[in-house]
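>>> quick one, structure for this:
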Amino acid sequence: MELKGQTAIVTGGGRGIGRAICLSLADEGANIVVASRTEEEIQQTRQMVEDTGASCLAISTDIREEEGVKKLISKTMDVFGKIDILVNDAGVAYRKPLQDISTDEYDEIMDTNVKGMFLCTKYALPHILKSDSARIVNISSGAGKQGIPQLSVYCASKFAVIGITESLASELAGKVKVYAVCPGGVDTQMYRSLFSDEPMLKPEHIAQKVLELCLPDSKVPSGSSIEVYRPPF
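Residues are numbered from 1 along each chain as shown. Next up, the predicted model:
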């Protein structure tokens with residue numbers, strides 16, 4: 001139980017990679033705050049976390065909205081009194097040629113994948129900085145390392161995640177370890193909505209990597225972007 005007593009906020013925790021991360025951190029004893037827009041999904045995750053014996057708070061949150069993020073952080077502090085880990089996982093994508101992406105779709109991608117990460121990090125940081133085990137893990141993508149046809153705006157957002165990760169790691173050197181995890185194709189609802197093939201990776205594979213980065217003995221340098229293209233186990 002290497003994370004016992006720590007509190008982790010996981011955005012996009014209602015399903016897929018985010019849910020798997022919640023369960024992985026909970027298995028090591030962390031208190032979990034699961035955030036997503038869909039109430040039914042976060043309540044399902046909450047029950048699964050509590051079934052492990054860990055404490056869990058489910059907060060319906062649209063991370064694109066500043067007041068909603070402030071409420072997320074405030075409720076977390078009211079219940080657990082601390083924040084040690086922030087995992088920015090929430091994300092959306094549309095697979096279309098650039099000229100077919102509407103401005104509303106562009107805004108949804110960038111506001112969720114970049115602005116949402118910015119807001120959660122901005123308002124969680126004053127509390128994370130008080131932790132002796134402070135971690136911020138941002139879920140980017142292999143599409144944040146290399147452009148992919150028909151995913152131009154999604155790629156732009158995930159490149160931005162890596163840029164913010166590297167910059168923030170330098171700002172917070174010696175205080176908070178900041179990482180980006182860059183998965184290849186993962187068997188999630190979002191991936192299945194975009195592609196017809198069956199990817200090798202499962203959400204649990206990404207959750208395992210996130211857990212490794214959050215453990216006290218992690219030696220991975222802050223600011224690293226860790227690619228996960230094959231199952232680690």
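
>>> buried stuff in the lowest-mean-pLDDT helix or strand in the chain?
Lowest on mean pLDDT, DSSP states H and E among the helices and strands of the chain sits helix 189-194, with a mean of 90. Buried residues in helix 189-194, defined by neighbour count with 16 or more other C-beta atoms under 10 Å: 190-191. C-beta: built from backbone N, CA, C; applies to glycine.

>>> check stretch 162-172 too.
Here stretch 162-172 shows 162, 164-166, 168-169, 172 as buried, counting by 16+ other C-beta under 10 Å.

>>> tell me the SS of the nearest residue to residue 166 once chain neighbours are set aside?
Nearest residue to residue 166 in three dimensions, chain neighbours excluded: residue 223, at 5.0 Å (C-beta to C-beta, 6 or more residues apart in numbering). Secondary structure for residue 223, judged by DSSP: H, G, I helix; E, B strand; the rest coil, is coil.

>>> where in the protein is pLDDT low?
Along the chain, the model assigns pLDDT under 70 to residues 232-233.

>>> all the helices of it, residue numbers only.
16-27, 39-50, 66-80, 103-110, 116-128, 152-171, 189-194, 203-214 (DSSP state H).

>>> thought residue 46 was touching residue 59?
No. Counting by C-beta atoms under 8 Å, residue 46 stays clear of residue 59, with 9.7 Å between them.

>>> common neighbours of the two, please.
Shared contacts of residue 46 and residue 59 (C-beta atoms under 8 Å, 6 or more residues apart in numbering): residue 34.

>>> and the residue nearest the centre of the chain, what does it touch?
Computing the C-alpha centroid of the chain and ranking residues by C-alpha atoms, centre = their mean puts residue 89 first, at 2.2 Å. Taking C-beta under 8 Å, 6+ apart, we find residue 89 in contact with 10-13, 17-18, 21, 139.

>>> most surrounded residue in the residues you listed?
Highest neighbour count within the contacts of residue 89: residue 10, with 35 neighbours (other C-beta atoms under 10 Å).

>>> so what's that residue closest to, chain neighbours aside?
Among residues not flanking residue 10 along the chain, residue 87 sits closest, at 4.5 Å (C-beta to C-beta, 6+ apart).

>>> bridging residues for that neighbour?
residue 10, residue 137 (DSSP bridges).

>>> that one: neighbour count?
Residues lying near residue 87 (other C-beta under 10 Å) number 30.

>>> that one against residue 128, yeah?
No. Contact status for residue 87 versus residue 128: not in contact, 11.7 Å apart, counting by C-beta under 8 Å.

>>> which neighbours do these two share?
residue 136.

>>> residues in contact with stretch 96-104?
Outside stretch 96-104, the residues within contact range by C-beta under 8 Å, 6+ apart are 94, 105, 150, 152-153.

>>> those, buried ones only, as a PyMOL selection?
To isolate the buried ones among the contacts of stretch 96-104 in PyMOL, judged by 16+ other C-beta under 10 Å, type:
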select buried, resi 94+152+153
